[in-house]
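Visitor: Build me a model from this:
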Amino acid sequence: MYIIENKNIFIAALDWGLGHATRCVPLIQKLAKHNNIIIGVTPTTQPVFEEHFPQIKKVIIEPYNICYSKLLPLSLKLALDSTRILKVIKRERQQLASYVKQYKIDVVISDNRFGLWNKYTHNIYITHQLQIKAGVFSKIATMIHRRYMLPFQEIWVPDYEDDYLSLAGELSRNKNKLQVKYIEPLSRLELVTETIEDQIDFLYLLSGPEPLRTQLEEQFLKVANLSTKNIVIVRGTKIPITSSISTNIKYYDMPNSATLSKLICAAQHIICRSGYSTLMDLHHLQKKQITLIPTPHQSEQIYLAKYWASKFGVKTLKNIIEL
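Guide: Predicted coordinates:
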């Protein structure tokens, strides 16, 4: 589906949580077989790329540092932050221009980084959101996103082209006649039969930007401490837990891909956010017993939770207290 050979390729992912970085891992693994790869990293994405590609050249790229609000819809939060984001886009374009010259870059692959294109390279943009869900701002947000995609010669969508198979539903449908290639879902995880736990009744996956990741973790712990089930919590941070934890609960701080694969494969039931990269992982590992708790005020995750409930029969909750 995507064949590139004998090129110098620069690739960087949006540092909005870890999902954009993790879904780039299988892409880089394939492209690195026949190309020279340089990875642009931020403090958020660097640990993911160091784990999988310690030998590949990495350079610093401007972080977007997008944070959620506990109260405001994401679209409004981004609008209020637009001046700073525009400055980030300008700086990343300047950085890329320097790297293109220094490393003789032929191809640039940007996972949702608006400014990561250059007039002297072949530019590829990765996104699963050709249609933006942003409440009453959906149409204008989709138009703005389309404008940012226009400088890219190709748009790669990590989903199935067939509507019946689609994991992202309306989000990934090409209604704007863009130069789209559906490259099928991406996951760095591996389906395994060997597990590291005898039985996991509930696996809580805690991912996404702060402060809502920590807020959900606190809710998870309140519910888990009242349970007698075997519970494992996967944390997207290495900041120590300060709350008391019952003996039936185990937790892992940012486990590597091999460990995470084993934990998910061993779990009877998964409880997590409805971020698209997480959903691609669960699809790849053939998990069916899933409860999704979309991030508050994030229309995309709310849509994906409802879509997966309708299409795949998963359970959805507004918050962990409803369990």
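Visitor: Going along the chain, name the strands of the stretch 1-150 of the chain.
Guide: In chain order, the stretch 1-150 of the chain shows strands spanning 8-13, 36-41, 57-60, 107-111, 122-126, with DSSP state E, counting those that start in this stretch as the criterion.
Visitor: cool, the stretch 151-300 of the chain as well?
Guide: In chain order, the stretch 151-300 of the chain shows strands spanning 154-157, 180-182, 200-206, 231-235, 249-253, 267-272, 290-292, with DSSP E, counting those that start in this stretch as the criterion.
Visitor: Now the ones you listed in CSV, please, with extra columns for mean pLDDT and distance to residue 171.
Guide: C-beta coordinates here come from the backbone N, C-alpha and C atoms, glycine included. Written out in CSV, the entries for the strands of the stretch 151-300 of the chain read as follows (pLDDT from 0 to 100; distance: least, CB to CB, whole Å):
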stretch, mean pLDDT, distance to residue 171
strand 154-157, 97, 9
strand 180-182, 95, 13
strand 200-206, 94, 21
strand 231-235, 92, 25
strand 249-253, 91, 30
strand 267-272, 95, 18
strand 290-292, 97, 15
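Visitor: How about the contacts made by residue 108?
Guide: The contact partners of residue 108, taken as CB atoms under 8 Å, 6 or more residues apart in numbering, are 9, 10, 11, 96, 100, 116, 117, 118, 121, 122, 123, 124.
Visitor: ok, back up a step: any chance of the strands of the stretch 151-300 of the chain in CSV, plus distance to residue 107?
Guide: Conversion of the strands of the stretch 151-300 of the chain to CSV gives the following (distance: least, CB to CB, whole Å):
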stretch, distance to residue 107
strand 154-157, 10
strand 180-182, 14
strand 200-206, 33
strand 231-235, 34
strand 249-253, 35
strand 267-272, 33
strand 290-292, 35
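Visitor: Reformat those as TSV; add distance to residue 283 and mean neighbour count.
Guide: Written out in TSV, the entries for the strands of the stretch 151-300 of the chain read as follows (distance: least, CB to CB, whole Å; neighbours: other CB atoms under 10 Å):
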stretch	distance to residue 283	mean neighbour count
strand 154-157	15	21
strand 180-182	15	17
strand 200-206	14	22
strand 231-235	18	22
strand 249-253	22	16
strand 267-272	12	21
strand 290-292	10	23
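Visitor: Figure out which of these is closest to residue 91.
Guide: Using CB to CB as the measure, strand 154-157 is the one of the strands of the stretch 151-300 of the chain that comes nearest residue 91, at 23.4 Å.
Visitor: re earlier: so which of the strands of the stretch 1-150 of the chain is nearest residue 155?
Guide: Residue 155 sits nearest to strand 122-126 of all the strands of the stretch 1-150 of the chain, at 5.2 Å, using CB to CB.
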